[in-house]
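Novice: pasted the sequence and its predicted model underneath.
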Amino acid sequence: MALDRLFNVAKKEFSDHITSRRFVIILGLLLVISAIGMHSGIESYNTMLESYNQQLQYMQGAEFDGPAGWMPEKPSIMLIFSAMMTYMTTLGAVLALAIGFDLVSKEKETRSLKSLLSHPVYRDEIINGKALGGIAALGFAMVLALAISLAMLLVFSIIPTLEEFAAILIFGAVTLGFLLAYFAIALTMSTVSKESGNALIYTLVIFFAVSTILPTLGVMAGDVFAGDRPEPPQMAPMPTPSGRTVTATASGGYFTSSSSQTVVRVGMEDPEWQQYEEDMKAYTERRMLINDVSNLLSPQMNYVRASMAVTNPRIATMLSSPYSSIPEETPGLAEALSQVWMNIAALIVFPSAFFAAAYVKFMRMDIR
Amino acid sequence: MIRTEKLTKVYNGKTAVDGLDLTVGEGEVFGFLGPNGAGKSTTILMLTGMIEPTGGRCLVDGIEVAKDPLAVKKIIGYLPEDVGFYGNMTGEQNLDYFARFYGMNARERKERITTLLELVHLDGVTQKAGEYSRGMKQRLGLAQALINDPKVLFLDEPTANLDPEGVREYRELVERLAGEGKTVFVSSHILSEVRAVCRTVGLLAKGRLVAQGTLGEVARALASPDGDAVRIVVETREHLPDIEDPDIIDIERNGNRAIVRAKADIRDRLAAALFTEGAHVREMRVEEPDIEDVFMAVYRR
């Protein structure tokens, strides 16, 4: 494989993408909606910041009777990016599908692929060039979205710290991984199908399957394979709840993924209740494991988990280990990411597998 | 320049090309004839390195295509049947994209593309290739096949979408290319088209080479049940005298006219014999079999 030929194909594909009406319209829509989301996110952030400042002033000016050593936590600007995450799960995915579903099938339909292959270029250079051009176009869209977000932060006089800036870049990388997953699906379907219409239908079927059906099936599988839910002791006194309820919702247009964990801490004096709590914990963990494993096949769920670790690490930590104690301080970026490493790995493996499938199919494709 | 040895291609258990042995010399304009589905396009796809043969091998300019398709693609040009282009780009942009694969610099590309667009009368056309008519696409296809100034040119049904003027220009172009010493391999099922430009032909039917040679040779080989028998039409002013020659197979007489079937072209000896007999020869010619009929018979097999 020669790089000059690979880049020749990639350059043309990139140019085709960013000048295509389809790409410009969807990207424009994505950027406008993201900007609106960012604006409302910035307003919420400013409100939270104001509240934080008031708490600080109150603690400094008056006698404070809260828990010893308790300090209000400064809100992170990453909360603003939660809105962008929501839009990326729908419009971003649509953008990725839109640029990939006819990449190869259209060339078959217009017979330009035959013309191209009659010139000195290997098939792998063509398919890799197409993938590279698409990745570059999605990267361009991502950079544009982040640049606009940063510009908006600066306009509202919000200057990210170095760690926040790193978090923004990681958020961008995770989002790009998510977009590549759908781009890879679309590219594979385009390679498999003879016609773009069929490629689009297959792509949409897989999109709905992995974004909605699979997470639902994961929950159902969890219910089925985790065994019977433990019953609380019949005759024992009711415990006094002293726990927490964590609810995290990631929604994007038509898709809403919710995860709710209720942890009940009870008086440790009753052995029956102790046993019940241990059984319940084991049951919940089994259920979560099955659910998490099935969700690894869903780019949507992996993206939500990974980006939440960046934008809202405290919630992400609570979601990943509901029985551990509430973190007193927001976990650092590295710690938050380490808890979702499987989701990040899945965001790398998923598109890689589809790209590999597209590659193999394209190399063996019948050109007549 | 082009050679195939037992070239075979099987698609899903169906043999498209069956042990093809073919030789085309350098500078030859070769017509590859055969009905639709005979295996012509499949043969071209193997010769141009687009698909790999199931068996046998093919060589272009001494390079085995399956082993080094890229080296072959650098010295050939290929106009596919129903050629296609990138509809969002102009003809010039399409050619520029293809030219980049040959390592040509910007100036070389510009000069070559300008020359080619003038050659196919698409210079000054600013519309996108997606808006081209079929004829315009075919012209652009010819230009893209010539982008690298190839030694060997493969043309698959080159006149399929051309108007009469386009066909005339195409024929002139092939003549010119032949004059430059290029080898041109024209695949077509239209005999008149091949006859107009090609010096030698090969006839393919059901994946097998039925005959190869000049049009006359191929037609004679296929037409006569006697194989290579030559039919000589003779007309004299007087009643045709008896003629004797060891090569004569039989004579069909009809007054002053006769058709002499001979093992070879014996016109010189025949003329001398008639002169000796004092007969005045009005006409003497080798009767070529009706090529159209002969080829149609093969097509119908």
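Specialist: Structure received. Numbering: from 1, shown residues only, chains lettered A, B, ... in the order given.

Novice: the nearest residue to B:Ile243 once chain neighbours are set aside sits in which helix or strand?
Specialist: Of all residues beyond its chain neighbours, the one nearest B:Ile243 is B:Ala273 (5.3 Å), with distances taken as Cβ to Cβ, 6 or more residues apart in numbering or on different chains. C-beta coordinates here come from the backbone N, C-alpha and C atoms, glycine included. Per DSSP states H and E: B:Ala273 is located in helix B:267-276.

Novice: for the very next helix or strand once past that helix, packing partners?
Specialist: The first helix or strand that comes after helix B:267-276 along the chain, using DSSP H and E, is strand B:281-286. When contacts are defined as 3 or more Cβ pairs under 8 Å, 6 or more residues apart in numbering or on different chains; DSSP states H and E, strand B:281-286 packs onto strand B:230-236, helix B:267-276.

Novice: hmm, who's touching strand B:281-286?
Specialist: The contact list for strand B:281-286, computed with Cβ atoms under 8 Å, 6 or more residues apart in numbering or on different chains, reads B:230-237, B:256, B:265, B:267, B:270-271, B:274-275.

Novice: ok, whatever residue of the stretch 151-300 of chain A ends up closest to chain B - how many residues close by?
Specialist: Closest approach between the stretch 151-300 of chain A and chain B, counting by Cβ to the nearest Cβ: A:Ser196, at 12.8 Å. Using other Cβ atoms under 10 Å in any protein chain shown, A:Ser196 has 19 neighbouring residues.

Novice: around chain A, pick out the residues from chain B.
Specialist: Chain B comes close to chain A at residues B:11, B:41-42, B:45, B:48, B:50-51, B:70, B:73-74, B:77-78, B:80, B:82-88, B:97-98, B:100-103, B:141, B:144-145, B:147-148, as judged by Cβ under 8 Å from any Cβ of the partner chain.

Novice: out of the residues you listed, which are buried?
Specialist: Buried members of the residues of chain B next to chain A, counted by 16 or more other Cβ atoms under 10 Å in any protein chain shown: B:41-42, B:45, B:48, B:50-51, B:73-74, B:77-78, B:80, B:83-86, B:97-98, B:100-102, B:141, B:144-145, B:147-148.

Novice: those residues in strands, which ones?
Specialist: B:Gly77, B:Tyr78 (DSSP state E).

Novice: mind checking which of the buried ones among the residues of chain B next to chain A land in helices?
Specialist: B:Ser41, B:Thr42, B:Leu45, B:Lys73, B:Lys74, B:Tyr97, B:Phe98, B:Gly141, B:Gln144, B:Ala145 (DSSP state H).

Novice: and the closest residue to A:Val9 other than its chain neighbours, what element?
Specialist: Spatial nearest neighbour of A:Val9, chain neighbours left out: A:Gly129 (2.6 Å); criterion: Cβ to Cβ, 6+ apart. Following DSSP H and E, one finds A:Gly129 within helix A:123-155.

Novice: what residues sit buried inside the following helix or strand past that helix?
Specialist: Moving toward the C-terminus from helix A:123-155, the next helix or strand (DSSP H and E) is helix A:162-192. Neighbour counts over helix A:162-192 (16+ other Cβ under 10 Å) mark A:164, A:167-168, A:170-192 as buried.

Novice: what of stretch A:11-24?
Specialist: A:Lys11, A:Lys12, A:Glu13, A:Phe14, A:Ser15, A:Asp16, A:His17, A:Ile18, A:Phe23.

Novice: cool, stretch A:206-215 as well?
Specialist: For stretch A:206-215, a neighbour-count test (16+ other Cβ under 10 Å) marks A:Ile206, A:Phe207, A:Val210, A:Ser211, A:Thr212, A:Leu214, A:Pro215 as buried.

Novice: gap between the two ends of it?
Specialist: With Cα to Cα, to the nearest Å as the measure, the first residue of stretch A:206-215 is 13 Å from its last.

Novice: do the same with stretch B:257-270
Specialist: Termini of stretch B:257-270 sit 14 Å apart (Cα to Cα).

Novice: tell me the buried residues in that stretch?
Specialist: B:Ala258, B:Val260, B:Arg261, B:Ala262, B:Ile266, B:Arg267, B:Arg269, B:Leu270.

Novice: circling back to that earlier point, dump the buried residues of stretch A:11-24 to TSV, plus secondary structure.
Specialist: Output for the buried residues of stretch A:11-24, formatted as TSV (DSSP: H, G, I helix; E, B strand; the rest coil):
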residue	secondary structure
A:Lys11	helix
A:Lys12	helix
A:Glu13	helix
A:Phe14	helix
A:Ser15	helix
A:Asp16	helix
A:His17	helix
A:Ile18	helix
A:Phe23	helix
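
Novice: now do the contacts for the closest residue to A:Phe225 other than its chain neighbours.
Specialist: Nearest in space to A:Phe225, with sequence neighbours left out and distances taken as Cβ to Cβ, 6+ apart, is A:Ile290 at 5.4 Å. If you count contacts by Cβ under 8 Å, 6+ apart, A:Ile290 has them with A:Gly218, A:Ala221, A:Gly222, A:Phe225, A:Ala226.

Novice: again, only this time at 10 Å
Specialist: By Cβ atoms under 10 Å, 6 or more residues apart in numbering or on different chains, the contact set of A:Ile290 is A:Gly218, A:Val219, A:Met220, A:Ala221, A:Gly222, A:Asp223, A:Val224, A:Phe225, A:Ala226.
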